[in-house]
Structure formats: structure tokens, C-alpha cells
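> Can you look at this prediction? I've put the sequence above it.
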Amino acid sequence: MNKHYLRIDIVSDVVCPWCVIGYRRLQLALQEFPGRFEVKEVWHPFELNPDMPEAGENLREHIARKYRTTTEESHSNRQRITALGAELGFQFNFSDEMRIYNTRSAHQLMHWAETSGKQSELSEQLFSAYFTHGKNLNHSSELLEAVDRAGLDRDAAEEALNDPANLRQVQIREEQLLLQGIQGVPLFMFDHSYAISGAQDTDTFIRQLQEILHS
């Protein structure tokens, strides 16, 4: 049986919990087609908070201000996300002291990692660093620890963080995505022909993969 070469473009931000959930659901869906796909995943940058100051902001206060949620709604949403994460093997550790940060430096590393074929491994490490361990993703030391855990070259990653050309490439890609009308994440695009927006359930991804195989 011939494999179907499948390119999946993923627009994401590493401080987006629904990006974690959506990606994990996509992986579960792919497991339903053993040996049917040869997958290449390419991650693209989206900054949920491009104007966030370096020190970040209290996450609970940020969500309440940005989305006008009450304390009770915020608590309920956190509980729901935590439960969904546990079902998918991911540990969310929310707290009242948790902060949210700008993620431009993280996206610089994700862009740099594309040629290595380990963007997905790095994304998983960045998700874990932020949501599980509460790390400040504005700190280069924390970002480079994630690089280490993903099995990538720490010295080369540090050079990428300090490379103006790398930063400009990330900014250009972000601008391109905005011009394409992408205003939220996650977004999953399959073979440049199909797209799923948001953290849809696993069955939605399965149906999309079935359609691709039969197209």
C-alpha cells in the first residue's frame, strides 16, 4: 500500500492552550491510519499578544481584561482545559500567579528549527515549559533549555535568537498570515487544500484525513 505524502501546516502560539489540545487531537487522529501517511509538519508563527511588555502580565487578569470573563468563568475554563489536557496526556498547571508573555523569541526558534525537521519536538517542549512548568518564555535560558530537550543544537539556537535576519523572517511570515485573513489559532492546513480551524475533536480530524485519502 502506497503512503500518502501529507504536509500539515500548523499556525500556532506556544502560550495558546487550545493549540496544545488541537495538536494532540491531530496526533490521535493520525494514529488511526497506521502506515497510510508520510507526514511533514511545518509550524508557522502567530503572536496572541504582540504588544505584551517584556515582564508579561498576570494570566488571569489578562484573560479577564481581553475576553471580559468573570473570575468564575476563568476558573471554569481552566478546569475544562486541564481536564481535556489530562485526557490527551498533557499536564496543564494553572495558578493565580501564572503570567503570560510575548512569544516572539520562541517563534524565532521555531522558525530556525524548520530545517532540522524537529519543529514539532521543539513546540512540544515549549508547550510543556510554559503550561506544565510555568517557565518564562521571554528568558533565553528557558528557551535554550527547551532546545536541549528537543535534541537540537543549543549554540546554533542561541545564534538564531540574536540574528536580525531570522527575526525579520518571522515578522514577514506573521504579516503574510494576517494578510491571508488568519486571526486566531490553532489552524491546521492539509496539503495546501484543506483547513481545520480551532481545536476540533479528534473525529473531525479523522474525517478530514479520510477525505484526503479518498480524494
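Now that the structure is in, tell me what you want to look at. Numbering: from 1, shown residues only.
> Show me what the lowest-mean-pLDDT helix or strand in the chain is in contact with.
Across the helices and strands of the chain, the lowest-confidence element by mean pLDDT, DSSP states H and E is helix 59-67, at a mean of 86. Identification of contacts with helix 59-67 by C-beta atoms under 8 Å, 6 or more residues apart in numbering yields Asn49, Thr69, Thr70, Thr71, Ser74, Asn77, Phe94, Asp96, Met98, Arg99, Ile100. For every residue, glycine as well, the C-beta is placed using N, CA and C.
> do the same with stretch 190-202
6-9, 18-19, 21-22, 25, 28-29, 184, 186-189, 204-205, 208-209, 211-212.
> When you filter those residues down to buried only, what's left?
Buried members of the contacts of stretch 190-202, counted by 16 or more other C-beta atoms under 10 Å: 6, 8-9, 18-19, 21-22, 25, 28-29, 186-189, 204-205, 208-209, 212.
> which residues of this protein fall in helices?
17-31, 59-67, 71-87, 104-112, 119-127, 140-149, 154-161, 164-179, 202-214 (DSSP state H).
> Quick one: mean pLDDT for the longest one?
Along helix 71-87, the predicted confidence averages to a pLDDT of 93.
> Ok, the fourth one next?
Helix 104-112 comes out with an average pLDDT of 97.
> again with stretch 206-214
pLDDT averaged over stretch 206-214 gives 95.
> Distance from the chain centre to it, please.
Counting by C-alpha atoms, centre = their mean, to the nearest Å, stretch 206-214 is centred 23 Å from the centre of its parent chain.
> do stretch 180-191 as well
Counting by C-alpha atoms, centre = their mean, stretch 180-191 comes out at 12 Å from the chain centroid.
> Next, count neighbours for the closest residue to Val20 other than its chain neighbours.
Distances taken as C-beta to C-beta, 6 or more residues apart in numbering place Phe127 nearest to Val20, at 5.0 Å, with adjacent residues excluded. For Phe127, the count of nearby residues is 23 (other C-beta atoms under 10 Å).
> Quick check, Phe127 in contact with Gly89.
No. Phe127 lies out of contact with Gly89 (C-beta atoms under 8 Å); the separation is 11.9 Å.
> Tell me, how many residues neighbour Tyr194?
Applying other C-beta under 10 Å, I find that Tyr194 has 14 neighbouring residues.
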